[in-house]
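> Got a sequence here, can you build the structure:
(one chain, ligands or ions: 1)
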Amino acid sequence: MTIQPVELPETIIIGVLALQGAFVEHMHYLQRLRPQGHTIKAIPIRTLTELQQCQALVIPGGESTVISSIASHTPGLLEALIDFAQDPQRAVWGTCAGMILMADENGIGGGKKKPVKGWQGLGGLKVWRNLFGGQLESFEAQLSIPALSNPSQPFNAIFIRAPAVHSLSPELKDKVEVIAQLPEESCPHLPPSDSPLGEPNPEDLSKIWLKKGKKMVTSFHPELSGDVRIHEFFVEKCVLGR
Ligand SMILES: NC(=O)CC[C@H](N)C(=O)O
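Below you'll find the predicted structure:
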């Protein structure tokens, strides 16, 4: 099946899911971008009608259980978000809690807590919630990321109760681009392996920024870094596909 490219309007509306979490920051960063030939308008999304106006979507960091619960109590919203996340024509970026929601399945620690409903945006991604630890274990890492503009300038990646990749399905592994990884010494330890997610792949733990077609996920918070380059990447590569 070939996918027909969608004609984008001059003004591209990027929705930022605004139910909970760091959505204001994402909107500020997106509004600063000036891609060639287009204007970006970032709008907060709280209803189905607002989502229907968007060409692309950002799911912010925050608390995935809360975002999921509010979405499920808003008429038609959760189903429409899942459709949007799975539509290969639509650009969607999940950061931190947003990455958890974009996964197929998620688990926490030894797997005792109920998982959050996965939107299956990349297809084949499983994540651990909070594997890097609680709020007090938050940390920053200066990363060299060759895919960014001005790559010699490190990117300050901020991790707050961040999720880690548990595993990628073999089909996803073939299609996904791993854009950034953590050095081994910063990777989390695996929890006891009694998780309902099945056997983790320790090699996937370091993967903190993944892209498949128009979808991407980052386990950290680029909207808190003071650096717009990952937002710029999302607009150029995922939204505009250039
Ligand atoms: N900074 C974040 O987005 C944290 C995500 C949070 N630990 C969750 O499970 O939803």
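
> neighbouring strands for the helix or strand of the chain with the lowest mean pLDDT, and are they parallel or not?
Within the chain, confidence by mean pLDDT, DSSP states H and E is lowest for strand 105-108 among all helices and strands, at a mean of 91. Pairing partners of strand 105-108, with direction, according to DSSP bridges: strand 125-129 (parallel).

> The strand it pairs with vs the ligand: in contact?
Yes. Contact between strand 125-129 and the ligand, assessed by Cβ under 6 Å from any ligand atom, occurs at Arg129. No exception for glycine: its C-beta is placed from N, CA and C like everyone else's.

> does the residue minimising distance to the centre of the chain sit in a helix, a strand or a coil?
Centroid check for the chain by Cα atoms, centre = their mean gives Gly94 as the closest residue, at 1.9 Å. Assigned by DSSP: H, G, I helix; E, B strand; the rest coil, the conformation of Gly94 is strand.

> Just grab the bridge partners of it for me.
Ile59, Val217.

> Make residue 1 into 41 and carry on from there
Renumbered: residue one is now 41, and that last one reads Gly134.

> That one contacts Ile99, correct?
Yes. Shown here, Gly134 and Ile99 form a contact pair, counting by Cβ atoms under 8 Å, at 4.3 Å.

> quick one: common contacting residues for these two?
Shared contacts of Gly134 and Ile99 (Cβ atoms under 8 Å, 6 or more residues apart in numbering): Leu141, Met142.

> Pull up the residues of this structure that are close to the ligand.
Looking at the ligand, the residues of the chain close enough under Cβ under 6 Å from any ligand atom are Gly101, Gly102, Glu103, Ser104, Cys136, Ala137, Ile140, Arg169, Asn170, Ile200, Arg201.

> Sort out for me which of these are in strands.
Arg169 (DSSP state E).

> and for the least confident helix or strand of the chain, what are the contacting residues?
Contact with strand 145-148 is made by 104, 140, 155-156, 158, 166-170, 203, 206, 235-237, as judged by Cβ under 8 Å, 6+ apart.

> Sketch out the low-pLDDT regions of this structure for me.
Low-confidence segments of the chain (pLDDT under 70): 41-45, 149-152, 232-234.

> any chance you could map the strands in it?
51-57, 79-85, 96-99, 131-135, 145-148, 165-169, 179-183, 195-199, 204-208, 217-221, 247-252, 255-258.

> Contacts for the first one next, please.
Okay, so that is strand 51-57. 63, 66-67, 70, 78-85, 90-91, 93-100, 107, 111, 121, 138, 275, 279-280.

> 6 Å - rerun?
Contacting residues not belonging to strand 51-57 are listed as 63, 66-67, 70, 78-85, 91, 93-99 [Cβ atoms under 6 Å, 6 or more residues apart in numbering].

> do the same with the third one
Surrounding strand 96-99, the residues in contact under the criterion Cβ under 6 Å, 6+ apart are 54-57, 66, 124, 131-134, 138, 141, 279.

> swap in the second one?
Strand 79-85 has contacts (Cβ under 6 Å, 6+ apart) with 51-58, 67, 70-71, 73, 91.

> just to revisit the earlier point, ChimeraX command to pick out the buried ones of the contacts of strand 51-57?
To isolate the buried ones among the contacts of strand 51-57 in ChimeraX, judged by 16 or more other Cβ atoms under 10 Å, type:
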select :63,66,67,70,78,80,81,82,83,85,91,94,95,96,97,98,99
